[in-house]
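J.: Got a predicted structure here, sequence first:
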Amino acid sequence: MSSLRSFSAAASAVALATVLVVRADTPHNAPLPPTPAAGGSSAEILWDTYGVPHVFAADLEGLFYGFGWAQMQAHGDLVLTLYGQARGRAAEYWGPEQLESDRWVRLMGIPARAQAWYEAQTPEFRRALDAFVAGANAYARAHGDRLDPAATVALPVTGPDVLGHIQRVLHFQFVVGQDNVEALARPWRDAGSNAWAVSPQRSASGHALLVANPHLPWSDVFTWFEAQLVAPGIDATGAALVGQPLLGIAFNESLGWTHTVNTHDGADLYELTLADGGYVFDGAVRRFDESRELIKVRQPDGSVRDDTLHVKRSAHGPVVSEKAGKALALRVVGLDQPNLGQQYLDMLRATSLDAFEAVERRLQMPMFTTMYADRAGNILHLFGGRTPMRPSGDYRWTGIVPGSVSSTLWRETHPYDQLPRVVNPPSGWLQNANDPPWTTTFPMALDPAKYPDYMAPRAMSFRAQRSARMLDEDASVTFDELVAYKHSTRMELADRLLDDLLQAAEKSSSETARRAVATLVAWDRSADASSRGAVLFEAFVDALFRQSRPKSPFAAPWSETGPRTTPDGLADPATAALALDAAVTDLEKRGLAPDVPWGDVYRLRRDGLDLPGNGGPGSLGIFRVTGFDKAANGRSEATRGDSWVAAIEFSSPVRAQVLLGYGNWSQKGSPHRTDQLALYASKQLRTAWRTRADVERHLERRETLQYSPR
């Protein structure tokens, strides 16, 4: 508890004063929002039976104070870990295994930039941000016994901590990827998420529909936290990535939006030629801007040693690698755009397409596709973010860029009106499954030839094709169908290959391949828990691609003239039959029958709960993505994929069903770590309770808070 005592003194020093009242027995008809104390703010948190906070406040500061309190309560250990990492001091707190993270954070200049960003906030958002961290710190003071003592060394948290965390996640996880130096030169990485917007002309109810369906790892910086935020001018339900002070995906009574990771290239590696202690630039030697960072590293015996990081910065950005007289420098978009928080706050307040787009035009978010729908019936797909305006040359922007001349150094990004954007297409529907913007609807509403080649590639994955197929084949989508489509586990790839495969297997000399035919004929071509044949088909696909390399296994490659029907067929049926034989043999070695149910192999596990899984990799053309990692006994367990899901109908009032499969809390011991996993297993969503009366009917407890900033 010594760290908590030190924290309490430090919190007073940074002038975050609070008066706290917590009540679990307030009558259900208590008025909201509560009356704030003189000179202060107040908030009431109604926690529903799924551990979702509904934060009601009389003003913005009270709202953010309550949201900070709620995040610390549900995810305190994770929040403190993430903020400690964003400071570049994680090794000092938690040991040498955090050293590489600290070196990366310091090399990227995140802590110093976070402080500069804090000073650049609008007065309104700085007050909100201060209230958010005050709420987090107040919870830690009041309930430090519920936090891991190892995590509390990061207390108190500050506004710059939050902004540093935002940079680390958005700019250096999503935009850059932070895999390794070679991976940084690879744009348009494969990532997950689905998004749909359906206009009234294609909706059975005559109301616009929206599906939010991000696919992310089920841990760490990618953890979602669902909440409802209510204050004057704001009444929004959605989800924030843990540690972030605003809902990143949300809807109100007028409109809603979601994001997918777009095929955005917002970072480049420049190759520099080293010379005379500097680097060659426009025919002269330019000196690096050099500094040394001292990183403290806690040792297992509790002692602390110093590690020194030598930082070199070029005109292009920080040097991330040096070898044989060359250096690689990293340039990243959006690092001069500090007002993301104010943008998202104003997005929550928007009530029309014009108002929403006026806010989006600020482009404070460095990347992501935005999918939008509203009560007026509008739908929108924006290929968002900051895309560099790259000069032309005899090199491509899909690899390392020569950095010895200023002509290759981009300095500006494309404005809003130059980004791919579709509003209210004749088709009545928009989709994105991480495919480029050109295939958001059909007939195609965008001509890729009118945009720079570096804006986005030209391709359409099997998952995106499955997505478009479901929308295009239903001229009148009901809400129940919307939910069912969202959970579809049918494999688009099976529809392209299975007929050819069955013929090849029947003609094969392999008895093993011929025996597998019966399983595949009976299979429903889906990855539901009960699907028999899905495990075999997945094993076949793995074997087929291995045996076909370096050639493509498809008879017809993907074509822009047939974007939703190619690739198709088997290029070499004999090789496919051998791959099926190998798949059966591999399964038998793992102790699995070819007709083993998908859910027997792929499991949903957390805190002792062990349920049959459904869904699978998007590479198989499955819309309902669940990613699994190998576990014991030939089984695998879910670690990523569908996370916070929302199906929304913009009726009056708005109708919405949502789910956060892995639960809305990460704090150990909470029942809300697992209470939605059974719904995930049964492919169900739950009602989003948005009225006070609905929340009261499903109330777990309530808290009343007072906030008095000094």
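T.: Noted; the coordinates are in hand. Numbers count the residues shown, from 1 in each chain.

J.: out of everything not next to it in sequence, what's closest to the residue nearest the centre of the chain?
T.: Against the mean C-alpha coordinate of the chain, by CA atoms, centre = their mean, the closest residue is residue 216 at 5.0 Å. Excluding the flanking residues, the one nearest residue 216 by CB to CB, 6 or more residues apart in numbering is residue 222, at 3.9 Å. C-betas here are computed from N, CA, C, even on glycine.

J.: Quick check: phi and psi at the one you found.
T.: phi -100, psi 10 (degrees, to the nearest 10).

J.: pretty sure it contacts residue 215?
T.: No. Using CB atoms under 8 Å as the test, residue 222 is too far from residue 215 to be in contact (9.7 Å).

J.: ok, the two, which is more surrounded?
T.: A count of neighbours by other CB atoms under 10 Å puts residue 215 above the other of residue 222 and residue 215, at 25 against 17.

J.: for the residue nearest to the centre of the chain, what are its contacts?
T.: By CB atoms under 8 Å, 6 or more residues apart in numbering, residue 216 lies in contact with 192-193, 222, 224, 640, 643.

J.: nearest to residue 51, of the residues you listed?
T.: Comparing the contacts of residue 216 against residue 51 with CB to CB places residue 224 closest, at 12.6 Å.

J.: Where does the prediction get shaky in the stretch 101-250 of the chain?
T.: 178-191 (pLDDT under 70).

J.: all helices of it, in order?
T.: 110-119, 123-142, 159-166, 181-184 (DSSP state H, counting those that start in this stretch).

J.: between the contacts of residue 216, which is nearest residue 706?
T.: Comparing the contacts of residue 216 against residue 706 with CB to CB places residue 224 closest, at 28.5 Å.

J.: what's across from the closest one in the sheet?
T.: Counting by DSSP bridges, residue 224 is bridged to residue 241.

J.: Please state the backbone phi and psi of the closest residue to residue 649 other than its chain neighbours?
T.: Using CB to CB, 6+ apart and skipping residues adjacent in sequence, the residue nearest residue 649 is residue 655, 4.3 Å away. Main-chain dihedrals, residue 655, degrees, to the nearest 10: phi -110, psi 130.

J.: hang on, residue 655 packs against residue 685?
T.: No. Applying CB under 8 Å, one finds residue 655 not in contact with residue 685, separated by 11.4 Å.

J.: Quickly find the element holding residue 680.
T.: Per DSSP states H and E, residue 680 falls inside helix 677-681.

J.: re earlier: return every residue with contacts to both of residue 222 and residue 215.
T.: Residues touching both residue 222 and residue 215 (CB under 8 Å, 6+ apart) are residue 643.

J.: And residue 662, how close does it get to residue 363?
T.: Shown here: residue 662 relative to residue 363, a distance of 32 Å by CB to CB, to the nearest Å.

J.: Okay, domains of this protein per the record?
T.: Taking automatic domain parsing as the reference, the chain has its domains at 2-181+690-707, 194-263+337-392+411-486, 492-641.

J.: Now those domains in TSV, please, with extra columns for distance to residue 671.
T.: Below are the domains of the chain laid out as TSV (distance: least, CB to CB, whole Å):
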stretch	distance to residue 671
domain 2-181+690-707	8
domain 194-263+337-392+411-486	15
domain 492-641	9
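
J.: quick one on the thing from earlier: tell me which two of the contacts of residue 216 sit farthest apart.
T.: 192 and 224 (13.3 Å).

J.: what is in contact with the two at once?
T.: Contact with both residue 192 and residue 224 is made by residues 214, 216, according to CB under 8 Å, 6+ apart.

J.: Skipping its backbone neighbours, what lies nearest residue 300 in space?
T.: Nearest one to residue 300, counting by CB to CB, 6+ apart, is residue 95 at 7.0 Å.

J.: how about residue 331, secondary structure?
T.: The three-state label given to residue 331 by DSSP: H, G, I helix; E, B strand; the rest coil is strand.

J.: start at 618 instead
T.: With 618 as the first residue, the last one maps to residue 948.

J.: looking at the sheet around it, what are its partners?
T.: Here residue 948 sits in beta bridges with residue 885, as judged by DSSP bridges.

J.: ok so, going back, measure the residue nearest to residue 917 to residue 911 for me?
T.: Per CB to CB, residue 712 is found 17 Å from residue 911.

J.: out of the two, which sits in the busier spot?
T.: It is residue 712, of residue 712 and residue 911, that has more neighbours when counted by other CB under 10 Å, with 14 against 9.

J.: Please name the residues that touch that one.
T.: Residue 712 makes contacts with 914-917, as judged by CB under 8 Å, 6+ apart.

J.: Name the next helix or strand downstream of the helix ranked longest in the chain, please.
T.: Ranked by residue count and defined by DSSP state H, the top helix of the chain is helix 677-703. Counting by DSSP H and E, the next helix or strand C-terminal to helix 677-703 is helix 707-711.

J.: Let me know the average pLDDT across that next one.
T.: Mean pLDDT, helix 707-711: 98.

J.: Which secondary structure elements does it sit against?
T.: helix 677-703, helix 716-724, strand 906-915 (3 or more CB pairs under 8 Å, 6 or more residues apart in numbering; DSSP states H and E).

J.: between these, which gets nearest to residue 1108?
T.: Comparing the helices and strands packed on helix 707-711 by CB to CB, helix 677-703 comes nearest, at 34.3 Å.

J.: buried sites along stretch 874-890?
T.: Going by neighbour count (16 or more other CB atoms under 10 Å), the buried part of stretch 874-890 is 874-889.

J.: cool, stretch 1120-1129 as well?
T.: Those would be 1121-1122, 1125, 1127, 1129, for stretch 1120-1129 by 16+ other CB under 10 Å.

J.: what does it contact?
T.: Residues from elsewhere that reach stretch 1120-1129 (CB under 8 Å, 6+ apart): 1130-1131, 1133-1134, 1137, 1187, 1190-1191, 1193-1195, 1197-1198, 1201-1202.

J.: Of those residues, which count as buried by neighbour count?
T.: Listed as buried from the contacts of stretch 1120-1129 are 1130-1131, 1133-1134, 1137, 1187, 1190, 1193-1195, 1197-1198, 1201; burial here means 16+ other CB under 10 Å.

J.: So which of the residues you listed is the closest to residue 1241?
T.: Among the buried ones among the contacts of stretch 1120-1129, residue 1137 lies closest to residue 1241 (CB to CB), at 20.9 Å.

J.: where does the closest one sit relative to residue 758, distance-wise?
T.: Look at residue 1137 and residue 758: by CB to CB, they are 61 Å apart.

J.: Perfect, that will be all.
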